[in-house]
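Asker: here's a sequence, model it:
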Amino acid sequence: MTRVTRIDSATLPDERWDDPARGTIRFRTLISAPDTETTGIVCGVAMLAPGETFALHSHPGPEVYFGLEGEGEVTIDGRQHRLAPGVALYIPGGAVHGVPLATAHLRWFYTFAADSFADIRYRFLHETPE
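Answerer: Below you'll find the predicted structure:
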């Protein structure tokens, strides 16, 4: 039987990319195997302060952003899309997206159909393909 998993985001540390060229975004991974006894879904909360960035990138699978706090513009395939509390953005797999520059505090929930965050194959535009 599958167990219910409860995570309090306030108890998790902020994570960042190892490479600052990927952006200064902070995030907290809420649900992701093997840290949680879950399958089929990865989700977390992402945070940007004014002046911070999330470099343009893509990954094969789709992603959903759901605005929690603040307002900002998410670039998806070259077009700007407003993210604000209560607004959901579906980002198709392979779409190039990111937040090149936050002009205000922005916090959103994100989710992928994957077992583990490690399974998500990010490709940042500034990086050489493998």
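Asker: next one, pLDDT for Glu130 please.
Answerer: We have a pLDDT of 58 for Glu130.
Asker: one more: Gly23?
Answerer: Predicted confidence (pLDDT) for Gly23: 96.
Asker: so it makes contact with Gly51?
Answerer: No. Assessed by CB atoms under 8 Å, Gly23 is found out of contact with Gly51, at 11.5 Å. (C-beta placed from N, C-alpha, C; glycine too.)
Asker: okay, the two: which has more neighbours?
Answerer: Gly23 (23 against 9; other CB atoms under 10 Å).
Asker: could you pull out the helices for the protein?
Answerer: In the chain, no helices are defined using DSSP state H.
Asker: find the centremost residue of it, please.
Answerer: Geometric centre of the chain, nearest residue: Tyr110, 5.0 Å, by CA atoms, centre = their mean.
Asker: residue contacts, that residue?
Answerer: Phe27, Cys43, Gly44, Val45, Ala46, Glu63, Val64, Tyr65, Phe66 (CB atoms under 8 Å, 6 or more residues apart in numbering).
Asker: what would those residues look like in TSV with neighbour count and pLDDT?
Answerer: Below are the contacts of Tyr110 laid out as TSV (neighbours: other CB atoms under 10 Å; pLDDT from 0 to 100):
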residue	neighbour count	pLDDT
Phe27	20	98
Cys43	20	98
Gly44	20	98
Val45	19	98
Ala46	20	98
Glu63	21	98
Val64	15	98
Tyr65	22	98
Phe66	16	98
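Asker: let me have these in TSV, extended by distance to Arg123.
Answerer: Below are those laid out as TSV (distance: CB to CB, whole Å):
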residue	distance to Arg123
Phe27	18
Cys43	21
Gly44	19
Val45	23
Ala46	18
Glu63	13
Val64	19
Tyr65	18
Phe66	23
